[in-house]
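Q: attaching a predicted model along with its sequence, questions to come.
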Amino acid sequence: MATNPLLSGDSRFTIDNIPFGVISTKQDPTPRCAAAIGDFAIDLAKFAGDSRLDSIIGQNAATDIFSKPCLNSFAALERETRRAVRAALQLDIQDELIPPHCLVKLADVTMHLPFSIGGYSDFYCSLEHVQNCSPLAGVANIPESWFYAPSVYNGRVSSVVPSATPIRRPRGVYHGPDGKPVYGPSRALDFELEMGVFVSKPIDFASVLDIRDVEEHVFGFVLLNDWSARDLQVFEMKPLGPFHGKGFGTSISPWVVTMEALDPFKCSPKTKQNPAPFDHLKWPGPAGTFDINLEVELIRAGKVVKICSSNLRYLYWTPYQQLAHHASAGCGLSTGDLIGTGTISGDNVAEDGRKTELGCLFEATVGGTKEAELSDGTRMTYLEDGDEIVLKGTCGVKGGSAPFVDFGECRGIITPALSS
């Protein structure tokens, strides 16, 4: 019996996943929507053009939706409709009914930003991260406010880029060795291990979001690296917070893993919230987050070394709570808006006493005052030109009988700063 080519091999994109993204090829450079399975992308514009989704979305509507250069129109559909599209794809994959002309090898596609992003906000919600960073920022104790509401600031959209886009070392103002302000290339370039959440159903201006309905407003998750220039950030933090230190680049993985794919991995957060959250942040049940294993690798001079591991469930404030709080003042949210979870750090310690779940170098180097020792003995402080950071994320165990989901990769290589 012949093996289904879409389900065979060692691909990270299993039938349990079916993530969505935007692709183009040399043969057809027009960006359009796609789904990933095995070693292939399913060109959804062509798939819909064969009238294979008319019964779910409507005649001609599916072709129009999936021919667009972003997932916004698809994400704006009701969740049950999107769920039906994913189920139809899974069934056709299993029955080997995907037309060959709709398949493109992943190795031959160029990935684009999956959404047209109108707004981007980044949170600060990992207790371990805050405990480590507060003293380095001159804060003796974590502010009381942090335990009552998720901390967040509005970031930039123009510098959100898809995986593999080079990140140029930014220039800005920082304190020189003598303490005087200096303008020049950042000397303390860092990564931040985060996840990103894309909004599906919009939330109208001047309305609020009931947290019990939050799943209806989430399309899916991506890996997110909110690059940081720590020296610029420290200079800018008072009185208004980060600007150039955080706004020069945010990398995301290009395939969006849907809520349906993550459903088997629901779990409780690791840390119990104390004090109890306000009513608008109370999740009705224990399983308010996801068990997503995260990992960061450094590639330096051709050598690959693991920097850290972590898990989404370590966040003190969950993504659901973040989204509900974001909307609670009536600002409204649009389809395609991006929410960054904030750096995700854990408290695991190796046998040698080394902390292995620190989601950025700022923590691992104690604000750049000492070298961080990696798992292979490599020592480093901050990122050098030519360094590449790779974020990875998985749910479950690959090759087992239970569902397995892989987020792909979020890559970024540091290039030298522009000359003054």
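A: On my side now, so go ahead.
Q: which residues does the nearest residue to residue 194 once chain neighbours are set aside form beta bridges with?
A: Beyond its immediate neighbours in the sequence, the residue positioned closest to residue 194 (CB to CB, 6 or more residues apart in numbering) is residue 224, lying 4.3 Å away. Quick note: C-beta positions are derived from backbone N, CA and C, even for glycine. With DSSP bridges applied, the residues forming beta bridges to residue 224 are residue 194, residue 252.
Q: in the sheet, who's paired with residue 161?
A: Here residue 161 sits in beta bridges with residue 251, as judged by DSSP bridges.
Q: my read: it touches residue 254, true?
A: No - under the contact definition of CB atoms under 8 Å, residue 161 does not touch residue 254, with a separation of 10.0 Å.
Q: so which of those two has more stuff around it?
A: residue 254 (26 against 17; other CB atoms under 10 Å).
Q: can you tell me how far the more buried one is from residue 313?
A: Applying CB to CB, to the nearest Å, one obtains 24 Å for the distance of residue 254 from residue 313.
Q: the residue nearest to residue 194 - how many residues pack around it?
A: Here the neighbour count serves as a burial measure; for residue 224 (other CB under 10 Å) it reads 26.
Q: what's the closest non-adjacent residue to residue 243?
A: Nearest in space to residue 243, with sequence neighbours left out and distances taken as CB to CB, 6+ apart, is residue 236 at 5.0 Å.
Q: that neighbour is in contact with residue 244, isn't it?
A: Yes - at 6.8 Å, residue 236 and residue 244 qualify as touching, with contact defined as CB under 8 Å.
Q: find residues that contact each of the two.
A: Among the neighbours of residue 236, those also in contact with residue 244 (CB atoms under 8 Å, 6 or more residues apart in numbering) are 172, 173.
Q: per-residue confidence at residue 60?
A: Here, the pLDDT recorded for residue 60 equals 87.
Q: one step back: tell me if the residue nearest to residue 243 really is in a helix.
A: Yes - membership of residue 236 in a helix is supported by DSSP: H, G, I helix; E, B strand; the rest coil.
Q: buried residues, the lengthiest strand in the chain. List them.
A: Assignment by DSSP state E gives strand 405-415 as the longest strand of the chain. Residues of strand 405-415 classed as buried: 405, 406, 407, 408, 409, 410, 411, 412, 413, 414 (neighbour count, 16 or more other CB atoms under 10 Å).
Q: and it, which strands flank it?
A: Checking strand 405-415 against DSSP bridges gives partners strand 167-168 (parallel), strand 388-395 (antiparallel).
Q: who's in contact with the last one?
A: Contacts of strand 388-395 from elsewhere in the structure, counted by CB under 8 Å, 6+ apart, are 191, 193, 195, 223-225, 251, 253, 262, 264-265, 290-300, 307, 383, 403-407, 409-414.
Q: next: stretch 368-379.
A: Looking at what lies outside stretch 368-379 - CB under 8 Å, 6+ apart - the contacts are 188, 230, 298, 300, 303, 305-307, 354, 356, 361-362, 364-365, 380-382.
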